[in-house]
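# Have a look; sequence and predicted model below, questions after that.
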Amino acid sequence: MIVDTPAAFRQQIQAGWLKSDAPAVPRACFLVEPSGFRLSKQTAKDNIYMDLSVPVDPDRALDQHRRLSERITACGIPAVRFPGHATTPDELFPNNVFATIPGRSIIGRMLHPERQLEAGRADIRAFFTQLMDYEECDLSQRDLVAELTGALVIDRSHRIGYCGMSQRVDESGCKAMHQAFDLALTFRFDLKPTEYHTNVVMAVLASRALVICPEAFADREVPAAIAEAYPGHVLEITQAEKEAFAGNCIALNFKDLFMSRTAIDALAPDKLERLKSWRFEIHAVDMDEIEKAGGSLRCCVAEIF
């Protein structure tokens with residue numbers, strides 16, 4: 001079921017039919033390392049978090065990316081690394097192009113031509129279909145836009161999708177993702193025109209907590225309705241905290257929460273304490289070089305369910 005008003009979403013949540021019948025956290029993750037790191041002029045067209053005039057350091061970006069992998073594996077979480085290619089600079093954000101549910105790999109349909117090239121990677125496709133024996137659901141050749149878990153934030157356990165409409169997803173893409181991710185309920189809503197991805201403005205952590213920036217939504221009733229699905233476990237962040245990528249975080253198990261150092265430095269101390277009170281151990285990773293490309297830590301991590 002897809003709903004598009006706060007009232008309809010509240011009605012479905014209050015009806016009590018949604019169950020915790022899927023894994024809340026992934027069993028592993030994969031990353032694509034930056035190769036010849038540079039900023040994409042194409043994606044900068046609708047990504048306000050990018051500034052093409054800022055110089056970048058490819059070696060520093062690669063080092064930060066590798067340290068992210070090391071921090072993840074140090075927590076006992078398996079992480080697979082794929083090489084990147086200089087011709088596709090946004091490839092280090094693979095969660096927009098490749099995603100999974102148990103037994104199925106999903107390939108998204110990207111807006112910008114440069115990113116559409118990423119969907120053709122035979123090695124990542126083969127990893128899932130041949131090694132993991134996953135069914136493949138390929139949206140990349142359809143007449144739609146669906147940038148997977150960039151546009152769609154998912155409460156995995158309850159199979160609820162939160163789809164913020166922007167240039168990076170259209171109505172057909174929302175419907176296709178609802179089906180591909182086998183969701184029970186999708187809440188479709190408008191982000192403010194300046195936003196490009198839902199996972200920059202909100203995150204659902206291990207299906208038990210919500211981080212959200214109410215100012216990033218076209219209708220303030222939308223974040224209020226979403227918050228009602230996570231009573232007692234809602235962290236509202238400000239516009240400034242959101243712009244420091246505090247909403248672009250990820251819990252890769254029930255304990256370990258990963259955020260960029262930029263995000264943690266921006267968050268008010270009492271908000272960090274609230275996350276810790278919810279039994280999260282927060283891992284800070286320097287990502288400031290990578291963040292020049294308009295995404296942060298969560299964008300670098302694709303989950304394997």
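Done, it's in. The structure displayed is predicted, hence computed values, not measured ones.

# how long is stretch 46-62 end to end?
25 Å (C-alpha to C-alpha, to the nearest Å).

# which residues are contacting that stretch?
By C-beta atoms under 8 Å, 6 or more residues apart in numbering, the list of residues contacting stretch 46-62 from outside reads 33-39, 41, 43-44, 92, 111, 166-168, 194-196, 200, 243, 245, 289-295. The way it works is simple: take the backbone N, C-alpha and C, and place the C-beta from them, glycine included.

# Could you pull out the strands in the stretch 1-150 of the chain for me?
2-3, 28-32, 79-82, 98-101, 104-107, 135-138 (DSSP state E, counting those that start in this stretch).

# Can I get those in JSON lines including mean pLDDT?
Shown next, in JSON lines, are these (pLDDT from 0 to 100):
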{"stretch": "strand 2-3", "mean pLDDT": "98"}
{"stretch": "strand 28-32", "mean pLDDT": "98"}
{"stretch": "strand 79-82", "mean pLDDT": "98"}
{"stretch": "strand 98-101", "mean pLDDT": "98"}
{"stretch": "strand 104-107", "mean pLDDT": "98"}
{"stretch": "strand 135-138", "mean pLDDT": "98"}
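
# hmm, which of the contacts of stretch 46-62 are the buried ones?
For the contacts of stretch 46-62, a burial check counting by 16 or more other C-beta atoms under 10 Å picks out 33-35, 37-39, 43-44, 92, 111, 166-168, 195-196, 200, 243, 245, 289-295.

# so where is the protein shaky, pLDDT-wise?
Across the chain, nothing is flagged by pLDDT under 70.

# would you list every one of the helices in it?
Along the chain, counting by DSSP state H, helices occupy 6-15, 41-44, 58-74, 113-116, 122-126, 148-151, 171-180, 198-201, 221-227, 239-243, 261-266, 269-277, 297-300.

# Strand 28-32 and the third one, what's the angle between them?
What that stands for is helix 58-74. Comparing the axes of helix 58-74 and strand 28-32 via axes from the mean of the first three to the mean of the last three C-alpha atoms, to 10 degrees yields an angle of 170 degrees.

# what comes up buried for helix 58-74?
61-62, 64-65, 68-69, 71-72.

# just to revisit the earlier point, could you look over the strands of the stretch 1-150 of the chain and pick the most buried one?
strand 98-101 (a mean of 24; mean count of other C-beta atoms under 10 Å).

# Just the C-alpha atoms of it, please, in CSV.
What follows is strand 98-101, C-alpha atoms only, in CSV (Å, rounded to 0.1, in the frame of the first residue of the first chain):
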residue,chain,number,x,y,z
PHE,A,98,22.4,-1.2,-5.7
ALA,A,99,20.3,-2.5,-2.8
THR,A,100,19.0,-5.8,-1.4
ILE,A,101,16.3,-7.5,0.5
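
# and that strand, what does it pack onto?
strand 104-107, helix 148-151, strand 302-304 (3 or more C-beta pairs under 8 Å, 6 or more residues apart in numbering; DSSP states H and E).

# now those in a markdown table, with distance to D123?
What follows is those, written out as a markdown table (distance: least, C-beta to C-beta, whole Å):
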| stretch | distance to D123 |
| --- | --- |
| strand 104-107 | 13 |
| helix 148-151 | 18 |
| strand 302-304 | 14 |
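
# Which among the ones you listed is found nearest to I13?
Closest of the helices and strands packed on strand 98-101 to I13 is helix 148-151, at 21.2 Å (criterion: C-beta to C-beta).

# Would you mind putting the buried residues of helix 58-74 into TSV with distance to L183 alongside?
Shown next, in TSV, are the buried residues of helix 58-74 (distance: C-beta to C-beta, whole Å):
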residue	distance to L183
A61	34
L62	35
Q64	33
H65	30
L68	28
S69	29
R71	30
I72	26
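
# ok, of those, which one's closest to A119?
H65 (20.9 Å).

# Could you list which residues are in contact with the closest one?
31, 33-34, 92, 290, 300.

# try 6 Å
Shown in contact with H65 (C-beta atoms under 6 Å, 6 or more residues apart in numbering): 33-34.

# Would you quantify the distance from it to K242?
23 Å (C-beta to C-beta, to the nearest Å).

# swap in V3?
24 Å.

# Look at stretch 250-259 and report the distance between its end residues.
Note: stretch 250-259 ends 7 Å apart using C-alpha to C-alpha.

# which of the residues in that stretch are buried?
250-252, 256-259.

# Pull the distance from that stretch to the chain's centre.
Chain-centre distance of stretch 250-259: 13 Å, with C-alpha atoms, centre = their mean, to the nearest Å.

# What are the contacting residues of that stretch?
25, 75, 77, 205-206, 249, 280-283, 297-298, 301.

# For A176, which of the helices and strands packed on strand 98-101 is the nearest?
strand 104-107 (9.3 Å).

# so what strands line up beside the closest one?
strand 98-101 (antiparallel), strand 135-138 (parallel) (DSSP bridges).
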